[in-house]
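Visitor: 3D, please:
(one chain, ligands or ions: 2)
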Amino acid sequence: MGVSHDLLSLMQKRIPGQLVIQFTDHCNARCPQCGMRVTEAFPRTKLSVDRIKRILDRASETGIKIVSFTGGEPLLFLDELVVLIKYAGSAGIEYIRTGTNGFLFTQPERPGFRSRVNRIAEMLADTPLRNLWISIDSAIPSVHEKMRGFPGVIAGIEEAVPIFHGHGIYPSANLGINRNIGGAGSVSDGCRPADEDYLPLFMKDMKAAFRSFYRFAINMGFTIINTCYPMSIHGLNGNASLKPIYAANSTDYIVHYSSGEKAMLFRALMETVPEFRSKSRIFSPRCSLDSLYRQYAQGTMSDYPCRGGIDCFFIDSKDGNAYPCGFRGKENLGDFCELDREKLNREPFCHHCDWECFRDPSEMFGPILHARRNPFGLLKNIANRGSYFKIWMEDLRYYLACDFFDGRKPPAYDRLSAWQGS
Ligand code: SF4
Ligand code: SF4
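Guide: Residues are numbered from 1 along each chain as shown. Ligands and ions are numbered 1, 2, ... in the order given. Here you go, the predicted model:
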(Lines give C-alpha, C1' and ligand atoms only; values in the text may rest on other atoms or scores of the structure.)
(Ligands and ions follow the chains in the order given, each with its own letter.)
Protein backbone atom coordinates (compact mmCIF):
# COMPACT_ATOMS: atom_id res chain seq x y z
CA MET A 1 0.00 0.00 0.00
CA GLY A 2 1.39 3.37 -0.98
CA VAL A 3 0.94 4.79 2.50
CA SER A 4 3.29 7.72 1.93
CA HIS A 5 1.47 8.73 -1.24
CA ASP A 6 -1.91 8.36 0.45
CA LEU A 7 -0.74 10.48 3.37
CA LEU A 8 0.45 13.08 0.87
CA SER A 9 -3.02 13.08 -0.72
CA LEU A 10 -4.59 13.66 2.66
CA MET A 11 -2.14 16.47 3.41
CA GLN A 12 -3.31 18.04 0.16
CA LYS A 13 -6.88 17.85 1.44
CA ARG A 14 -7.77 14.98 -0.86
CA ILE A 15 -8.72 11.40 -0.25
CA PRO A 16 -7.17 8.67 -2.43
CA GLY A 17 -8.81 9.32 -5.80
CA GLN A 18 -11.29 6.84 -7.19
CA LEU A 19 -12.51 6.22 -10.72
CA VAL A 20 -15.46 3.97 -11.52
CA ILE A 21 -15.10 3.08 -15.18
CA GLN A 22 -18.21 1.68 -16.78
CA PHE A 23 -16.42 -0.58 -19.22
CA THR A 24 -19.71 -1.63 -20.81
CA ASP A 25 -23.47 -1.55 -20.34
CA HIS A 26 -23.95 -4.91 -22.05
CA CYS A 27 -25.47 -7.41 -19.65
CA ASN A 28 -26.96 -10.87 -19.80
CA ALA A 29 -28.85 -10.87 -16.47
CA ARG A 30 -32.49 -10.04 -15.79
CA CYS A 31 -32.27 -8.17 -12.47
CA PRO A 32 -35.47 -6.22 -11.75
CA GLN A 33 -33.44 -3.67 -9.78
CA CYS A 34 -31.46 -2.53 -12.81
CA GLY A 35 -32.04 -0.62 -16.04
CA MET A 36 -29.28 -2.53 -17.84
CA ARG A 37 -31.00 -5.93 -17.62
CA VAL A 38 -30.97 -7.90 -20.84
CA THR A 39 -34.68 -7.29 -21.42
CA GLU A 40 -34.24 -3.49 -21.65
CA ALA A 41 -34.03 -2.33 -25.24
CA PHE A 42 -31.44 0.42 -25.69
CA PRO A 43 -28.29 0.75 -27.76
CA ARG A 44 -25.55 -1.03 -25.80
CA THR A 45 -22.05 0.39 -25.60
CA LYS A 46 -18.52 -0.60 -24.63
CA LEU A 47 -15.45 1.58 -24.26
CA SER A 48 -12.42 0.66 -26.34
CA VAL A 49 -9.33 -0.68 -24.64
CA ASP A 50 -7.29 2.21 -26.07
CA ARG A 51 -9.67 4.82 -24.70
CA ILE A 52 -9.56 3.26 -21.26
CA LYS A 53 -5.77 2.98 -21.36
CA ARG A 54 -5.54 6.73 -21.98
CA ILE A 55 -7.90 7.38 -19.08
CA LEU A 56 -5.83 5.10 -16.83
CA ASP A 57 -2.61 6.94 -17.74
CA ARG A 58 -4.19 10.27 -16.88
CA ALA A 59 -5.79 8.83 -13.74
CA SER A 60 -2.44 7.67 -12.46
CA GLU A 61 -0.82 11.07 -13.24
CA THR A 62 -3.51 12.87 -11.27
CA GLY A 63 -3.36 10.75 -8.14
CA ILE A 64 -6.21 8.31 -8.71
CA LYS A 65 -5.40 5.26 -6.58
CA ILE A 66 -8.56 3.19 -6.94
CA VAL A 67 -10.13 2.01 -10.19
CA SER A 68 -13.26 -0.11 -10.46
CA PHE A 69 -14.22 -1.64 -13.78
CA THR A 70 -17.97 -1.95 -13.71
CA GLY A 71 -20.76 -2.79 -16.11
CA GLY A 72 -23.16 -4.08 -17.24
CA GLU A 73 -21.29 -7.31 -16.94
CA PRO A 74 -17.54 -6.73 -17.31
CA LEU A 75 -16.69 -10.45 -17.55
CA LEU A 76 -18.56 -10.66 -20.87
CA PHE A 77 -15.31 -9.21 -22.20
CA LEU A 78 -12.91 -11.09 -19.98
CA ASP A 79 -9.89 -11.04 -22.31
CA GLU A 80 -10.02 -7.25 -22.69
CA LEU A 81 -10.73 -6.82 -19.00
CA VAL A 82 -7.59 -8.77 -18.13
CA VAL A 83 -5.56 -6.50 -20.45
CA LEU A 84 -7.03 -3.42 -18.76
CA ILE A 85 -6.41 -4.65 -15.22
CA LYS A 86 -2.78 -5.39 -16.09
CA TYR A 87 -2.46 -1.99 -17.73
CA ALA A 88 -3.96 -0.22 -14.72
CA GLY A 89 -1.48 -1.99 -12.43
CA SER A 90 1.48 -1.07 -14.60
CA ALA A 91 0.24 2.53 -14.74
CA GLY A 92 0.49 2.66 -10.95
CA ILE A 93 -3.14 2.19 -9.87
CA GLU A 94 -2.95 0.39 -6.54
CA TYR A 95 -6.48 -0.77 -5.87
CA ILE A 96 -8.13 -2.41 -8.85
CA ARG A 97 -11.58 -3.92 -8.61
CA THR A 98 -14.16 -5.54 -10.80
CA GLY A 99 -17.26 -7.62 -10.35
CA THR A 100 -19.53 -10.15 -11.96
CA ASN A 101 -23.13 -11.26 -11.90
CA GLY A 102 -21.82 -14.84 -11.80
CA PHE A 103 -23.01 -15.95 -15.26
CA LEU A 104 -19.78 -17.88 -15.80
CA PHE A 105 -20.66 -20.05 -12.80
CA THR A 106 -24.06 -21.28 -13.97
CA GLN A 107 -24.69 -24.99 -14.45
CA PRO A 108 -21.83 -26.40 -12.37
CA GLU A 109 -22.93 -29.88 -13.40
CA ARG A 110 -21.78 -29.23 -16.97
CA PRO A 111 -18.68 -31.16 -18.01
CA GLY A 112 -15.56 -29.02 -17.78
CA PHE A 113 -17.05 -26.58 -15.20
CA ARG A 114 -14.12 -26.82 -12.80
CA SER A 115 -11.46 -26.52 -15.46
CA ARG A 116 -13.27 -23.50 -16.94
CA VAL A 117 -13.46 -21.77 -13.56
CA ASN A 118 -9.82 -22.65 -12.91
CA ARG A 119 -8.87 -20.98 -16.16
CA ILE A 120 -10.81 -17.81 -15.29
CA ALA A 121 -9.28 -17.72 -11.80
CA GLU A 122 -5.82 -18.25 -13.28
CA MET A 123 -6.32 -15.40 -15.76
CA LEU A 124 -7.42 -13.00 -13.01
CA ALA A 125 -4.79 -14.20 -10.57
CA ASP A 126 -2.17 -13.24 -13.15
CA THR A 127 -3.28 -9.60 -12.89
CA PRO A 128 -2.97 -7.07 -10.05
CA LEU A 129 -6.74 -7.28 -9.43
CA ARG A 130 -7.36 -6.63 -5.75
CA ASN A 131 -11.07 -7.27 -5.37
CA LEU A 132 -13.54 -9.38 -7.29
CA TRP A 133 -17.21 -8.88 -6.36
CA ILE A 134 -19.81 -11.53 -7.03
CA SER A 135 -23.39 -10.28 -6.78
CA ILE A 136 -25.80 -12.11 -4.50
CA ASP A 137 -29.28 -10.64 -4.03
CA SER A 138 -30.89 -12.98 -1.51
CA ALA A 139 -30.17 -15.57 1.15
CA ILE A 140 -32.64 -17.83 -0.65
CA PRO A 141 -30.93 -19.43 -3.68
CA SER A 142 -34.10 -19.75 -5.77
CA VAL A 143 -34.95 -16.07 -5.17
CA HIS A 144 -31.50 -14.90 -6.21
CA GLU A 145 -31.49 -17.15 -9.27
CA LYS A 146 -34.92 -15.95 -10.37
CA MET A 147 -33.94 -12.30 -9.94
CA ARG A 148 -30.75 -12.72 -11.95
CA GLY A 149 -32.25 -15.17 -14.43
CA PHE A 150 -29.47 -17.70 -13.82
CA PRO A 151 -30.83 -21.06 -12.63
CA GLY A 152 -28.34 -23.06 -10.58
CA VAL A 153 -25.87 -20.20 -10.22
CA ILE A 154 -25.66 -20.38 -6.42
CA ALA A 155 -24.34 -23.96 -6.49
CA GLY A 156 -21.87 -22.86 -9.17
CA ILE A 157 -20.64 -19.90 -7.10
CA GLU A 158 -20.25 -22.20 -4.10
CA GLU A 159 -18.04 -24.45 -6.18
CA ALA A 160 -16.14 -21.53 -7.72
CA VAL A 161 -15.25 -19.65 -4.52
CA PRO A 162 -12.74 -22.26 -3.19
CA ILE A 163 -11.22 -22.52 -6.67
CA PHE A 164 -10.58 -18.78 -6.58
CA HIS A 165 -9.14 -19.10 -3.08
CA GLY A 166 -6.75 -21.73 -4.44
CA HIS A 167 -5.46 -19.09 -6.87
CA GLY A 168 -5.08 -16.43 -4.18
CA ILE A 169 -8.25 -14.48 -5.01
CA TYR A 170 -10.74 -13.99 -2.17
CA PRO A 171 -13.97 -12.81 -3.82
CA SER A 172 -16.43 -10.59 -2.06
CA ALA A 173 -20.17 -11.31 -1.89
CA ASN A 174 -21.88 -8.16 -3.06
CA LEU A 175 -25.41 -7.63 -1.80
CA GLY A 176 -27.51 -4.92 -3.42
CA ILE A 177 -30.13 -4.14 -0.78
CA ASN A 178 -33.59 -5.08 -2.03
CA ARG A 179 -36.88 -6.35 -0.63
CA ASN A 180 -36.02 -9.98 -1.35
CA ILE A 181 -32.88 -10.35 0.77
CA GLY A 182 -34.50 -12.65 3.28
CA GLY A 183 -36.95 -14.21 0.83
CA ALA A 184 -40.69 -13.82 0.83
CA GLY A 185 -42.77 -13.35 3.97
CA SER A 186 -42.02 -11.07 6.87
CA VAL A 187 -43.39 -9.86 10.17
CA SER A 188 -44.46 -6.58 8.58
CA ASP A 189 -46.61 -8.41 6.01
CA GLY A 190 -50.24 -7.49 6.41
CA CYS A 191 -49.22 -4.23 8.04
CA ARG A 192 -49.68 -1.00 6.08
CA PRO A 193 -46.86 1.57 5.86
CA ALA A 194 -49.16 4.10 7.54
CA ASP A 195 -49.65 1.84 10.59
CA GLU A 196 -47.94 2.94 13.75
CA ASP A 197 -46.03 -0.30 14.21
CA TYR A 198 -45.01 -0.70 10.55
CA LEU A 199 -41.53 0.84 10.74
CA PRO A 200 -40.39 -1.05 13.88
CA LEU A 201 -41.62 -4.27 12.27
CA PHE A 202 -39.91 -3.38 9.00
CA MET A 203 -36.67 -2.84 10.90
CA LYS A 204 -37.08 -6.22 12.55
CA ASP A 205 -37.55 -7.79 9.12
CA MET A 206 -34.47 -6.08 7.77
CA LYS A 207 -32.33 -7.21 10.68
CA ALA A 208 -33.49 -10.80 10.20
CA ALA A 209 -32.82 -10.51 6.46
CA PHE A 210 -29.29 -9.11 6.91
CA ARG A 211 -28.47 -11.77 9.49
CA SER A 212 -29.60 -14.59 7.25
CA PHE A 213 -27.73 -13.04 4.33
CA TYR A 214 -24.44 -12.78 6.23
CA ARG A 215 -24.79 -16.37 7.44
CA PHE A 216 -25.59 -17.52 3.92
CA ALA A 217 -22.62 -15.73 2.33
CA ILE A 218 -20.24 -17.03 5.01
CA ASN A 219 -21.52 -20.59 4.50
CA MET A 220 -20.92 -20.17 0.77
CA GLY A 221 -17.25 -19.55 1.57
CA PHE A 222 -17.08 -15.79 1.12
CA THR A 223 -14.51 -14.06 3.31
CA ILE A 224 -15.45 -10.49 2.32
CA ILE A 225 -19.02 -9.20 2.24
CA ASN A 226 -20.07 -5.85 0.85
CA THR A 227 -23.48 -4.22 0.84
CA CYS A 228 -24.66 -1.78 -1.82
CA TYR A 229 -27.26 0.66 -0.60
CA PRO A 230 -30.56 0.74 -2.51
CA MET A 231 -30.73 2.89 -5.63
CA SER A 232 -34.17 3.66 -6.88
CA ILE A 233 -34.99 6.21 -9.53
CA HIS A 234 -37.90 7.39 -7.36
CA GLY A 235 -35.46 8.52 -4.70
CA LEU A 236 -33.13 10.11 -7.21
CA ASN A 237 -35.91 11.92 -9.00
CA GLY A 238 -36.83 13.45 -5.69
CA ASN A 239 -33.83 15.66 -6.29
CA ALA A 240 -34.17 17.72 -9.44
CA SER A 241 -30.42 18.19 -9.80
CA LEU A 242 -29.89 14.49 -10.41
CA LYS A 243 -30.00 12.68 -13.72
CA PRO A 244 -28.87 9.07 -13.50
CA ILE A 245 -26.53 8.03 -16.30
CA TYR A 246 -25.40 4.86 -14.54
CA ALA A 247 -28.48 2.72 -15.08
CA ALA A 248 -27.88 0.44 -12.09
CA ASN A 249 -31.20 1.56 -10.65
CA SER A 250 -34.85 1.09 -11.38
CA THR A 251 -38.37 2.19 -10.60
CA ASP A 252 -39.20 -1.30 -9.36
CA TYR A 253 -40.76 -1.59 -5.92
CA ILE A 254 -38.04 -4.07 -5.03
CA VAL A 255 -35.52 -1.23 -4.51
CA HIS A 256 -37.92 1.61 -3.75
CA TYR A 257 -38.06 2.58 -0.08
CA SER A 258 -39.69 5.47 1.72
CA SER A 259 -37.43 7.73 3.81
CA GLY A 260 -38.76 6.06 6.96
CA GLU A 261 -37.94 2.62 5.57
CA LYS A 262 -34.47 3.77 4.56
CA ALA A 263 -33.80 5.03 8.07
CA MET A 264 -34.83 1.66 9.45
CA LEU A 265 -32.82 -0.39 6.98
CA PHE A 266 -29.63 1.59 7.56
CA ARG A 267 -30.17 1.25 11.31
CA ALA A 268 -30.83 -2.49 10.94
CA LEU A 269 -27.63 -2.98 8.96
CA MET A 270 -25.66 -0.89 11.43
CA GLU A 271 -26.89 -3.06 14.29
CA THR A 272 -26.26 -6.33 12.42
CA VAL A 273 -22.71 -5.69 11.22
CA PRO A 274 -20.98 -6.13 14.64
CA GLU A 275 -22.29 -9.65 15.04
CA PHE A 276 -20.42 -10.76 11.91
CA ARG A 277 -17.21 -8.76 12.05
CA SER A 278 -15.27 -11.63 13.59
CA LYS A 279 -16.64 -14.18 11.13
CA SER A 280 -15.92 -12.49 7.81
CA ARG A 281 -14.56 -9.20 6.54
CA ILE A 282 -17.64 -6.97 6.55
CA PHE A 283 -16.99 -3.97 4.36
CA SER A 284 -19.87 -1.65 5.35
CA PRO A 285 -18.55 1.11 7.66
CA ARG A 286 -20.94 1.72 10.56
CA CYS A 287 -20.11 5.43 10.63
CA SER A 288 -21.55 5.73 7.14
CA LEU A 289 -24.66 3.78 8.12
CA ASP A 290 -25.06 5.98 11.20
CA SER A 291 -24.92 9.11 9.00
CA LEU A 292 -27.42 7.70 6.52
CA TYR A 293 -29.73 6.69 9.36
CA ARG A 294 -29.61 10.24 10.75
CA GLN A 295 -30.13 11.72 7.30
CA TYR A 296 -33.37 9.77 6.78
CA ALA A 297 -34.60 9.64 10.37
CA GLN A 298 -33.82 13.19 11.45
CA GLY A 299 -32.96 15.12 8.28
CA THR A 300 -29.45 15.72 9.67
CA MET A 301 -26.82 15.68 6.94
CA SER A 302 -23.42 14.13 7.52
CA ASP A 303 -20.56 16.47 8.34
CA TYR A 304 -18.63 14.66 5.61
CA PRO A 305 -20.49 15.02 2.31
CA CYS A 306 -19.78 12.87 -0.71
CA ARG A 307 -16.57 13.60 -2.61
CA GLY A 308 -18.07 12.68 -5.99
CA GLY A 309 -16.73 15.20 -8.52
CA ILE A 310 -13.82 16.12 -6.26
CA ASP A 311 -11.87 12.93 -5.62
CA CYS A 312 -14.24 10.36 -7.12
CA PHE A 313 -15.47 10.21 -10.72
CA PHE A 314 -17.58 8.04 -12.98
CA ILE A 315 -16.72 7.29 -16.62
CA ASP A 316 -19.81 6.57 -18.69
CA SER A 317 -19.58 3.80 -21.29
CA LYS A 318 -21.92 5.70 -23.64
CA ASP A 319 -19.67 8.68 -24.28
CA GLY A 320 -16.45 7.84 -22.40
CA ASN A 321 -16.75 11.13 -20.52
CA ALA A 322 -16.22 11.83 -16.85
CA TYR A 323 -19.07 12.75 -14.48
CA PRO A 324 -19.02 13.54 -10.73
CA CYS A 325 -20.75 10.18 -10.24
CA GLY A 326 -23.23 7.96 -11.99
CA PHE A 327 -26.16 10.12 -10.90
CA ARG A 328 -25.11 13.73 -11.56
CA GLY A 329 -25.49 13.20 -15.28
CA LYS A 330 -26.23 16.88 -15.90
CA GLU A 331 -22.59 17.64 -15.07
CA ASN A 332 -20.66 16.26 -18.02
CA LEU A 333 -17.02 16.99 -17.18
CA GLY A 334 -15.85 15.91 -20.64
CA ASP A 335 -12.80 13.84 -21.44
CA PHE A 336 -11.15 12.76 -18.18
CA CYS A 337 -7.76 13.16 -19.89
CA GLU A 338 -8.43 16.88 -20.29
CA LEU A 339 -9.88 17.38 -16.83
CA ASP A 340 -8.03 19.73 -14.51
CA ARG A 341 -8.83 18.30 -11.10
CA GLU A 342 -7.28 21.30 -9.37
CA LYS A 343 -10.00 23.52 -10.80
CA LEU A 344 -12.57 21.17 -9.27
CA ASN A 345 -11.08 21.38 -5.81
CA ARG A 346 -14.17 22.80 -4.17
CA GLU A 347 -15.89 22.00 -0.94
CA PRO A 348 -17.89 18.79 -0.89
CA PHE A 349 -21.62 19.34 -0.53
CA CYS A 350 -23.58 16.42 -1.94
CA HIS A 351 -25.86 14.06 0.01
CA HIS A 352 -28.29 13.53 -2.85
CA CYS A 353 -28.09 9.76 -3.09
CA ASP A 354 -26.82 6.80 -1.08
CA TRP A 355 -24.26 5.39 -3.54
CA GLU A 356 -21.90 3.59 -1.18
CA CYS A 357 -19.03 3.52 -3.70
CA PHE A 358 -18.47 7.23 -3.11
CA ARG A 359 -20.27 7.87 0.17
CA ASP A 360 -18.50 5.23 2.27
CA PRO A 361 -14.95 6.44 1.50
CA SER A 362 -16.03 10.06 1.89
CA GLU A 363 -17.27 9.25 5.38
CA MET A 364 -14.25 7.14 6.31
CA PHE A 365 -11.70 9.74 5.22
CA GLY A 366 -13.81 12.76 6.22
CA PRO A 367 -12.53 13.19 9.79
CA ILE A 368 -8.90 12.83 8.63
CA LEU A 369 -9.34 15.64 6.10
CA HIS A 370 -11.19 17.65 8.73
CA ALA A 371 -8.23 17.28 11.12
CA ARG A 372 -5.94 18.57 8.39
CA ARG A 373 -8.16 21.53 7.51
CA ASN A 374 -9.46 22.58 10.88
CA PRO A 375 -8.18 20.60 13.88
CA PHE A 376 -10.10 22.73 16.39
CA GLY A 377 -13.31 22.28 14.42
CA LEU A 378 -12.76 18.55 14.52
CA LEU A 379 -12.20 18.61 18.29
CA LYS A 380 -15.45 20.56 18.66
CA ASN A 381 -17.22 17.97 16.52
CA ILE A 382 -15.80 15.15 18.60
CA ALA A 383 -16.99 16.85 21.77
CA ASN A 384 -20.48 17.30 20.32
CA ARG A 385 -20.80 13.96 18.60
CA GLY A 386 -18.72 11.58 20.66
CA SER A 387 -20.76 8.50 19.78
CA TYR A 388 -20.24 9.03 16.04
CA PHE A 389 -16.48 9.35 16.47
CA LYS A 390 -16.38 6.26 18.65
CA ILE A 391 -18.02 4.33 15.79
CA TRP A 392 -15.63 5.91 13.27
CA MET A 393 -12.58 4.90 15.33
CA GLU A 394 -13.92 1.35 15.61
CA ASP A 395 -14.42 1.26 11.83
CA LEU A 396 -10.87 2.43 11.28
CA ARG A 397 -9.49 -0.23 13.63
CA TYR A 398 -11.62 -2.85 11.92
CA TYR A 399 -10.46 -1.76 8.44
CA LEU A 400 -6.88 -2.15 9.66
CA ALA A 401 -7.65 -5.63 11.02
CA CYS A 402 -9.07 -6.47 7.58
CA ASP A 403 -5.97 -5.15 5.75
CA PHE A 404 -8.33 -2.68 4.10
CA PHE A 405 -10.20 -5.62 2.54
CA ASP A 406 -7.31 -6.97 0.55
CA GLY A 407 -8.98 -9.57 -1.63
CA ARG A 408 -5.62 -11.16 -2.43
CA LYS A 409 -5.11 -12.24 1.16
CA PRO A 410 -7.06 -14.65 3.34
CA PRO A 411 -8.70 -13.10 6.38
CA ALA A 412 -6.58 -12.88 9.53
CA TYR A 413 -9.13 -14.54 11.79
CA ASP A 414 -6.83 -14.11 14.80
CA ARG A 415 -7.11 -10.34 14.39
CA LEU A 416 -10.82 -10.46 13.55
CA SER A 417 -11.50 -12.49 16.70
CA ALA A 418 -11.06 -9.28 18.72
CA TRP A 419 -14.43 -8.23 17.23
CA GLN A 420 -16.30 -11.19 18.69
CA GLY A 421 -19.58 -9.90 20.09
CA SER A 422 -18.49 -6.29 19.56
S1 SF4 B 1 -27.48 -5.38 -11.68
FE2 SF4 B 1 -25.63 -5.95 -12.81
S3 SF4 B 1 -26.04 -8.03 -13.50
FE4 SF4 B 1 -28.02 -7.16 -12.95
S5 SF4 B 1 -28.82 -6.35 -14.88
FE6 SF4 B 1 -27.72 -4.69 -13.82
S7 SF4 B 1 -25.68 -4.71 -14.68
FE8 SF4 B 1 -26.64 -6.67 -15.16
S1 SF4 C 1 -24.06 11.66 -2.97
FE2 SF4 C 1 -22.22 11.27 -4.21
S3 SF4 C 1 -22.80 9.63 -5.58
FE4 SF4 C 1 -24.72 10.51 -4.77
S5 SF4 C 1 -25.35 12.11 -6.22
FE6 SF4 C 1 -24.07 13.10 -4.71
S7 SF4 C 1 -21.95 13.06 -5.56
FE8 SF4 C 1 -23.21 11.55 -6.64
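Visitor: now do the strands in the stretch 151-300 of the chain.
Guide: Ranges of strands within the stretch 151-300 of the chain are 172-176, 224-228, 281-282, based on DSSP state E, counting those that start in this stretch.
Visitor: hey, which of the ones you listed is tucked in deepest?
Guide: Most buried of the strands of the stretch 151-300 of the chain, by mean neighbour count (mean count of other CB atoms under 10 Å): strand 281-282, with a mean of 28. For glycine as for every other residue, the C-beta is placed from the backbone atoms N, C-alpha and C.
Visitor: adjacent strands (with direction) for that strand?
Guide: strand 224-228 (parallel) (DSSP bridges).
Visitor: so what touches the strand it pairs with?
Guide: 131, 133, 170-177, 210, 214, 217-218, 269, 276, 280-284, 356-357, 402, 405, 407, 411 (CB atoms under 8 Å, 6 or more residues apart in numbering).
Visitor: now swap in stretch 388-400 and tell me
Guide: Residues from elsewhere that reach stretch 388-400 (CB under 8 Å, 6+ apart): 277, 285-287, 290-291, 363-364, 367, 381-382, 405, 419, 422.
Visitor: in helices, which of the contacts of strand 224-228 fall?
Guide: Among the contacts of strand 224-228, the ones falling in helices (DSSP state H) are Phe210, Tyr214, Ala217, Ile218, Leu269, Phe276, Glu356, Cys357.
Visitor: got those residues as a markdown table, with neighbour count columns?
Guide: Converted to a markdown table, the ones in helices among the contacts of strand 224-228 look like this (neighbours: other CB atoms under 10 Å):
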| residue | neighbour count |
| --- | --- |
| Phe210 | 26 |
| Tyr214 | 24 |
| Ala217 | 27 |
| Ile218 | 16 |
| Leu269 | 24 |
| Phe276 | 20 |
| Glu356 | 22 |
| Cys357 | 22 |
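Visitor: these: which two are farthest apart?
Guide: Spatial extent of the ones in helices among the contacts of strand 224-228 (CB to CB) is set by the pair Ile218 and Cys357 at 23.3 Å.
Visitor: so Phe210 makes contact with Thr272?
Guide: Yes. Using CB atoms under 8 Å, Phe210 is in contact with Thr272, at 4.2 Å.
Visitor: so what's the residue count around Gln298?
Guide: As a burial measure, Gln298 scores 9 neighbours (other CB atoms under 10 Å).
Visitor: ok, Thr251 next?
Guide: Residues lying near Thr251 (other CB under 10 Å) number 13.
Visitor: so where do the helices sit in the stretch 251-400 of the chain?
Guide: Assigned by DSSP state H, counting those that start in this stretch, the stretch 251-400 of the chain shows helices spanning 259-276, 286-298, 356-373, 375-384, 386-401.
Visitor: helix 375-384 and the last one, what's the angle between them?
Guide: In this case it means helix 386-401. Helix 386-401 runs at 110 degrees relative to helix 375-384, counting by axes from the mean of the first three to the mean of the last three CA atoms, to 10 degrees.
Visitor: quick one: buried residues of helix 386-401?
Guide: Across helix 386-401, burial judged by 16 or more other CB atoms under 10 Å covers Tyr388, Phe389, Ile391, Trp392, Glu394, Asp395, Tyr398, Ala401.
Visitor: near ligand 2, which residues of the protein are found?
Guide: Counting by CB under 6 Å from any ligand atom, the residues of the chain close to ligand 2 are 242, 306, 308-309, 324-325, 327-328, 350-353, 355, 358-359.
Visitor: check contacts around the residue of the stretch 1-150 of the chain found nearest ligand 2.
Guide: Nearest residue of the stretch 1-150 of the chain to ligand 2: Val20, at 9.7 Å (CB to the nearest ligand atom). Residues counted as contacts of Val20 (CB under 8 Å, 6+ apart) are Val67, Ser68, Thr70, Tyr246, Cys312, Phe313, Phe314, Ile315, Cys325, Gly326, Cys357.
Visitor: leaving out the residues flanking it, which one is nearest to the closest residue to ligand 1 within the stretch 101-250 of the chain?
Guide: Per CB to the nearest ligand atom, Asn101 is where the stretch 101-250 of the chain lies closest to ligand 1, at 3.4 Å. If the residues on either side of it in the chain are set aside, Asn101 comes closest to Ala29, at 4.5 Å by CB to CB, 6 or more residues apart in numbering.
Visitor: likewise Arg179?
Guide: The shortest distance from Arg179 to any non-neighbouring residue, by CB to CB, 6+ apart, is to Ile254 (5.0 Å).
Visitor: now swap in Ala208 and tell me
Guide: Nearest residue to Ala208, sequence neighbours excluded (CB to CB, 6+ apart): Gly182, at 5.8 Å.
Visitor: quick one on the thing from earlier: what's the burial count for the residue nearest to Arg179?
Guide: 19.
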